[in-house]
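Student: Dropping the sequence and predicted coords here.
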There are 4 protein chains.
Amino acid sequence: MMTLAEVKEFLDREFPQIASNGRYSVEEVNPNGARLRAAYHESQIRPGGTISGPTMMALADLSLYVAVLAAIGPVALAVTTNLNINFLRRPAPRDLISECRLLKLGNRLAVGEVSIFSEGEDEPVAHVTGTYSIPPR
Amino acid sequence: MMTLAEVKEFLDREFPQIASNGRYSVEEVNPNGARLRAAYHESQIRPGGTISGPTMMALADLSLYVAVLAAIGPVALAVTTNLNINFLRRPAPRDLISECRLLKLGNRLAVGEVSIFSEGEDEPVAHVTGTYSIPPR
Amino acid sequence: MMTLAEVKEFLDREFPQIASNGRYSVEEVNPNGARLRAAYHESQIRPGGTISGPTMMALADLSLYVAVLAAIGPVALAVTTNLNINFLRRPAPRDLISECRLLKLGNRLAVGEVSIFSEGEDEPVAHVTGTYSIPPR
Amino acid sequence: MMTLAEVKEFLDREFPQIASNGRYSVEEVNPNGARLRAAYHESQIRPGGTISGPTMMALADLSLYVAVLAAIGPVALAVTTNLNINFLRRPAPRDLISECRLLKLGNRLAVGEVSIFSEGEDEPVAHVTGTYSIPPR
């Protein structure tokens, strides 16, 4: 399993666009999941004062990737095959926190779920399930 | 129904972040759907030379919104409630084209599907279904 | 909120096909969810000794319905609008238990998740999210 | 590729529960898809006179399996990994017809979409996307 520092270093090296963007950061990894943060920025705002759906989809996709990465080691070419998102509540104009949990870690597929929260809130703003295809090792 | 020019003007006014970003453009609207384009930009690239998943999710979400908008008129507060995406093939490093078709346009919910193509290719790189909740009118 | 006895009575009256089938039973309802059981029967078996996908989909759909029912009262005409299932592991040839939790209970839509287990196992065999449309009251 | 007769013979042999049930029949297979029928039966009816969701989910799942089978040959152990269904309109109390189209046929995963119609209607009652995992050959 990779440590938080190893995951961060790997992402900085392999996904420099994410690092240079500065929005998404990994806060914790564990054997079954990960917690990430998407920093609030006004460019994400949509009519009605809510944060855009794609911001949450990108956060969920990255959260799943990080959880898979932490569990199986540095595999840059794992790819999302399916992602399903339910938008539940309008997020407040502040940081988003994702809590990702792996439901299955197989040889070929990993499946996980992600709950996304406005920081400080108990009720999720979105819920995601996703599947990653793991290349032969 | 809104014309292509009306849809573009509405998006520019209500979603200035999308216009200023300059990536996504609406190419056609019709009573049952829409066609959009996501201009290629190197910031979207991921390891292996592929375009990021969130770029495709954002294109699909906007395509569904545009199709709903064109069909029901200017309703800024229609919101996505569910989006499901299957990633099918690695997109080439060039523009993406979305073809969106509404499957249902009800009083409360609109459901549509979106096929996303690398420009000039016949086989889709991703397929999306999504649901929009329509506010009471 | 409806009690377990009230939910059972309502289902027996409104969905006699389910009762006469005798496979599915409601074991618990609470303000945020429900637990159901699908009795094992050899007609559900598929090649490889596994239980059929549709058995699990039917159990998940009914579990969501029961959770919505218990939370909002007897509304026979609430209808599923979306259901997404990930099959995680081959279920053993025995009863299935579903644990359903509501993620959102709005005026128009309810969203929930369901984890399905082979009785006595800790790892889910399937995970489901679904949306119910609630008729105006 | 398998012919219609070969597909039927294979299903009868490997899935005798489906054949004995007598509800589902394969009407056509082609290199990219399949068309199936679910015979109407009053046990499928739900409050409001509509056909149950699980009947449609089972039809969609079987349609995807048949399309994969016809395209790759007799592989009993191909398994569904994900299925997403949107319920669009209340089906009439008559036969359901499914039109399945494969979106991708890879070495490890096949993805397809299914539109389900009440016989004789133009507008689909449900739309499904699903993924099958193909065992190593």
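Tutor: Perfect, I can see it now.

Student: what sits against the residue positioned nearest the centre of chain A?
Tutor: Chain A has residue A:63 as the residue nearest its centroid, 1.9 Å off, counting by CA atoms, centre = their mean. Contact analysis of residue A:63 by CB atoms under 8 Å, 6 or more residues apart in numbering or on different chains lists A:34, A:35, A:36, A:98, A:100, A:112, A:114. Quick note: C-beta positions are derived from backbone N, CA and C, even for glycine.

Student: So which of those are in strands?
Tutor: Within the contacts of residue A:63, residues falling in strands by DSSP state E are A:34, A:35, A:36, A:98, A:100, A:112, A:114.

Student: could you measure the third one against chain C, distance?
Tutor: Okay, so that is residue A:36. Distance of residue A:36 to chain C, computed by CB to the nearest CB, to the nearest Å: 19 Å.

Student: coming back round to it: please identify which of the ones in strands among the contacts of residue A:63 is nearest to residue B:14.
Tutor: The closest of the ones in strands among the contacts of residue A:63 to residue B:14 turns out to be residue A:98 (CB to CB; 27.5 Å).

Student: My guess is the closest one contacts residue A:58. True?
Tutor: No. With contact defined as CB atoms under 8 Å, residue A:98 does not reach residue A:58; the gap is 10.3 Å.

Student: Compare these two and say which is more crowded by neighbours.
Tutor: residue A:98 (29 against 23; other CB atoms under 10 Å in any protein chain shown).

Student: Check whether residue A:100 really touches residue A:111, as I assumed.
Tutor: No. Taking CB under 8 Å as the definition, residue A:100 is not a contact partner of residue A:111, at 11.3 Å.

Student: neighbour count winner among those two?
Tutor: residue A:100 (29 against 25).

Student: Who is that one paired with across the strands?
Tutor: Taking DSSP bridges as the rule, residue A:100 bridges to residue A:34, residue A:114.

Student: related to what we said a few turns ago, and the residue nearest to the centre of chain A, its phi and psi?
Tutor: phi -60, psi -40 (degrees, to the nearest 10).

Student: low-confidence ranges in chain A?
Tutor: Across chain A, the ranges flagged by pLDDT under 70 are A:19-20, A:43-49, A:76, A:137.

Student: quick one: the strands in it?
Tutor: Counting by DSSP E, the strands of chain A are A:24-30, A:33-38, A:45-46, A:50-51, A:79-87, A:96-105, A:109-118, A:126-133.

Student: Save these as CSV, and put in distance to residue B:71 too.
Tutor: Formatted as CSV, the strands of chain A follow (distance: least, CB to CB, whole Å):
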stretch, distance to residue B:71
strand A:24-30, 34
strand A:33-38, 32
strand A:45-46, 20
strand A:50-51, 22
strand A:79-87, 20
strand A:96-105, 31
strand A:109-118, 29
strand A:126-133, 25
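
Student: Write out the residues of chain A neighbouring chain C.
Tutor: With the criterion set to CB under 8 Å from any CB of the partner chain, chain A comes near chain C through A:84, A:86, A:88-89, A:103-104, A:111, A:113, A:123-124, A:127, A:129, A:131.

Student: Report the set of residues contacting both of residue A:98 and residue A:58.
Tutor: Contacts common to residue A:98 and residue A:58, judged by CB under 8 Å, 6+ apart, are residue A:38.

Student: Quick check: buried residues in stretch A:108-119?
Tutor: By neighbour count with 16 or more other CB atoms under 10 Å in any protein chain shown, stretch A:108-119 contains the buried residues A:109, A:110, A:111, A:112, A:113, A:114, A:115, A:116, A:117, A:118.

Student: so which pair among the residues you listed is furthest apart in space?
Tutor: It's A:109 and A:118 that sit farthest apart of the buried residues of stretch A:108-119, by CB to CB, at 30.7 Å.

Student: could I get the contacts of residue A:63 as TSV with distance to residue C:8?
Tutor: Below are the contacts of residue A:63 laid out as TSV (distance: CB to CB, whole Å):
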residue	distance to residue C:8
A:34	41
A:35	40
A:36	42
A:98	38
A:100	37
A:112	35
A:114	34
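
Student: of those residues, closest to chain D?
Tutor: Of all the contacts of residue A:63, chain D sits closest to residue A:112, with 12.8 Å by CB to the nearest CB.

Student: hang on, isn't that closest one packed against residue A:129?
Tutor: Yes. Using CB under 8 Å, residue A:112 makes contact with residue A:129 at a distance of 7.1 Å.
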